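[1] predicted structure and sequence below. I'll ask about it afterward.
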Amino acid sequence: MKKLRALVLMHETLVPPSSLDGYSESEILEWKTEFDVVNTLRELGHEVLPLGVYDDLGDLRRAKEDFKPHIVFNLLEEFHGVGVYDHHVVSYLELLKQPYTGCNPRGLLLARDKPLAKKILSWHRISTPGFFVVSRSKKTRRPAGFEYPLLVKSASEDASMGITERSVVRDDDELEQRVLKIHEETQTDALVETFIEGRELYVGLIGNRRVKTLPIWEMHFHNAKPESTKIATSRVKWDPEYQKKLGIETTEASDLPKSVKDEIQKICKRTYKALSLSGYARMDLRLKENGDVYVIEANPNPNLSFGEDLAESAEIVGINYEQLLTKIISLGLNYQAEWRLV
């Protein structure tokens, strides 16, 4: 790939330093993705400008005019503190006729609205847990046909925000209290879905029209008590000490029959296309003992840190981190946005 001018778009508090020297593990974790991407692109010879944005799109427009980027490497996950506004920023990039990496506005909109995404998957006959939504203005009422245990989470936030060990509820009192907790902590509606007991699986995908699935990844809870509920809580994902305590490890899934692997890959590709995703994404799934596969949710623009699940699974099939970022840039440069067709 020729050397490019790459504007790396991120939250204003996550603009990384030039070196990791002097920073603690917890400090580095906050902006590790941004650091890995910026420094790797520079090592590849690209001219890189990190841009932190919070609530002013004027900064982005001025950077486009002054820096004239060939590509915007999009690491921004919210705007004005609102996660579901990320698709508006990408829409703005399209209005500016600016190529960018990652998912398109429609895919971001559909995937971030978890209830809507589940309706679309159900229409396509892709198995996803049954669900109902409790909006912030409504009292909690469990519809007929829903049996415990149930899982309560935000209807729009990602990264396991608001999910704890208490998110799996087993009676009406627990359900009501957990819904209120989600309303208060995330300021979003609560999504309540049937809890699927089984193996926690992840599948990375990369592509626009032609989509490649990466090896199936699995989260292990080596030190968890046998009777405990094994779910990817916020602490499981983001607290290194808690990860050590539970013996959390993510590795390529083993002992899966070829027929199950093929079915999972097929389901993930169908989900990717049903939700109009592009660039790269990660599917979160549950695999029951009887072999049934459930799509829990689709995550466009997932964690891109070096050493994390997406990069590790790509490494297994011979795509190193530098090649992964290069592929993501190439997909962004070649994405057929509407402005290219006019």
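    Perfect, I can see it now. Numbers count the residues shown, from 1 in each chain.
[2] now Ile328: how far from Leu75?
    Note on Ile328: its distance to Leu75, by C-beta to C-beta, to the nearest Å, is 11 Å. (Each C-beta comes from the backbone N, C-alpha and C, glycine too.)
[3] joint contacts of the two?
    Listed as contacting both Ile328 and Leu75 by C-beta atoms under 8 Å, 6 or more residues apart in numbering are Leu304.
[4] and the residue nearest to Arg141 when sequence neighbours are not counted, how many residues sit next to it?
    Spatial nearest neighbour of Arg141, chain neighbours left out: Val134 (7.9 Å); criterion: C-beta to C-beta, 6 or more residues apart in numbering. A count of nearby residues for Val134, using other C-beta atoms under 10 Å, gives 23.
[5] which residues of the chain score low on pLDDT?
    The model of the chain has pLDDT under 70 over residues 159.
[6] what's the domain layout of it?
    Domain segmentation of the chain under automatic domain parsing yields 5-100, 130-194, 197-334.
[7] the longest helix in the chain is where?
    The longest helix of the chain (DSSP state H) is helix 25-43.
[8] surely Arg282 meets Asp309?
    Yes - using C-beta atoms under 8 Å, Arg282 is in contact with Asp309, at 7.0 Å.
[9] any common contacting residues for the two?
    Joint contacts of Arg282 and Asp309 (C-beta under 8 Å, 6+ apart) are 202, 204, 302-303.
[10] and the helices in the protein, which stretches?
    Along the chain, counting by DSSP H, helices occupy 25-43, 57-67, 86-95, 105-112, 114-123, 172-186, 234-238, 240-246, 258-274, 309-316, 321-334, 338-341.
[11] format those helices as CSV; extra columns: mean neighbour count.
    Output for the helices of the chain, formatted as CSV (neighbours: other C-beta atoms under 10 Å):
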stretch, mean neighbour count
helix 25-43, 17
helix 57-67, 14
helix 86-95, 18
helix 105-112, 22
helix 114-123, 17
helix 172-186, 17
helix 234-238, 17
helix 240-246, 13
helix 258-274, 17
helix 309-316, 20
helix 321-334, 18
helix 338-341, 9
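[12] related to what we said a few turns ago, can you put the domains of the chain in JSON lines and add distance to Leu109?
    Conversion of those to JSON lines gives the following (distance: least, C-beta to C-beta, whole Å):
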{"stretch": "domain 5-100", "distance to Leu109": "5"}
{"stretch": "domain 130-194", "distance to Leu109": "11"}
{"stretch": "domain 197-334", "distance to Leu109": "9"}
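[13] now for those, which one comes closest to Pro115?
    Closest approach to Pro115 among the domains of the chain (C-beta to C-beta): domain 130-194, 5.2 Å.
[14] just how off-centre is the closest one within its chain?
    The chain centre lies 20 Å from the centre of domain 130-194; the measure is C-alpha atoms, centre = their mean, to the nearest Å.
[15] give the contact list for the residue nearest to Arg141.
    Counting by C-beta under 8 Å, 6+ apart, Val134 touches 140-141, 179, 183, 189-190, 192.
[16] what of His88?
    79, 105.
[17] and it, how far from Leu275?
    18 Å.
[18] repeat that for Asp292.
    Distance from Asp292 to Leu275, by C-beta to C-beta: 21 Å.
[19] comparing those two, which residue is more hemmed in?
    Shown here are Asp292 and Leu275; by other C-beta under 10 Å, Leu275 has more neighbours (25 against 13).
[20] can you tell me the closest non-neighbouring residue to that one?
    If the residues on either side of it in the chain are set aside, Leu275 comes closest to Leu110, at 4.7 Å by C-beta to C-beta, 6+ apart.
[21] then Trp339?
    The shortest distance from Trp339 to any non-neighbouring residue, by C-beta to C-beta, 6+ apart, is to Lys97 (4.8 Å).
[22] how many neighbours does the one you found have?
    11.
[23] show me the residues around Arg286 that make contact.
    Applying C-beta under 8 Å, 6+ apart, the residues near Arg286 are 129, 196-201, 293-294, 296.
[24] check Thr33 too.
    75, 303-305, 308.
[25] what sits against Ser160?
    Residues in contact with Ser160 (C-beta under 8 Å, 6+ apart) are 153, 232-234, 236-238.
[26] what separation do you get for it and Gln187?
    Computed with C-beta to C-beta, the distance linking Ser160 and Gln187 is 16 Å.
[27] please dump the contacts of Thr33 into JSON lines; it should also carry distance to Leu256 and neighbour count for every row.
    JSON lines is the format used below for those (distance: C-beta to C-beta, whole Å; neighbours: other C-beta atoms under 10 Å):
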{"residue": "Leu75", "distance to Leu256": "32", "neighbour count": "21"}
{"residue": "Asn303", "distance to Leu256": "23", "neighbour count": "14"}
{"residue": "Leu304", "distance to Leu256": "25", "neighbour count": "23"}
{"residue": "Ser305", "distance to Leu256": "25", "neighbour count": "19"}
{"residue": "Glu308", "distance to Leu256": "21", "neighbour count": "16"}
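[28] redo the residues you listed as TSV? Include distance to Ile248.
    Below are those laid out as TSV (distance: C-beta to C-beta, whole Å):
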residue	distance to Ile248
Leu75	24
Asn303	15
Leu304	20
Ser305	16
Glu308	13
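[29] done for today, thanks.
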